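# okay, structure incoming, though there's no sequence with it:
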């Protein structure tokens, strides 16, 4: 599999991207990898500058990865939707009906 940055040079969070694509727990791993690659190309540098961590972008709950939305990183919540803005505390998505939804940075999972 080629990396997200092959045509664009190295990208931030490249290791997290590779891990997501290698060990994806979903049936449709192509969607998650496509979303992550698009996010990194378009928003990886700004997310890094704004202080988003790899866990906040790619993280999943260790016991119930796809059942715990409160512990999912941002790229898992894209589901084919386009990101329209990102700040230090939230990301704004446009859904297919062009309604925007804000997603706060994923909480840190601890003592689970």
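That came in fine, so what should we check first? Every value quoted in this text rests on a predicted model; they were computed, and no experiment measured them. Numbers count the residues shown, from 1 in each chain.
# can you point me to the longest helix in the protein?
helix 29-49 (DSSP state H).
# what ranges of this structure fall below the confidence cut-off?
1-11, 24-29, 96-112 (pLDDT under 70).
# which residues in it form strands?
Taking DSSP state E, the strands of the chain run over residues 82-86, 90-94, 100-104.
# surely residue 75 touches residue 21?
No: applying C-beta atoms under 8 Å as the test, residue 75 and residue 21 come out as separate, 10.9 Å apart. Placement of C-beta: from N, CA and C, glycine included.
# which of the two has more residues huddled nearby?
residue 75 (27 against 19; other C-beta atoms under 10 Å).
# enumerate every residue touching the more buried one.
Residues near residue 75 by C-beta atoms under 8 Å, 6 or more residues apart in numbering: 20, 32, 35, 36, 39, 57, 58.
# packing partners for the longest helix of the chain?
Under the contact criterion of 3 or more C-beta pairs under 8 Å, 6 or more residues apart in numbering; DSSP states H and E, helix 29-49 touches helix 14-22, helix 54-58, helix 74-78, strand 82-86.
# ok and that helix relative to helix 14-22, angle-wise?
Angle between the axes of helix 29-49 and helix 14-22 is 160 degrees (criterion: axes from the mean of the first three to the mean of the last three C-alpha atoms, to 10 degrees).
# name the residues of helix 29-49 that are buried.
Residues of helix 29-49 classed as buried by neighbour count (16 or more other C-beta atoms under 10 Å): 32, 33, 35, 36, 37, 38, 39, 40, 43, 44, 47, 48.
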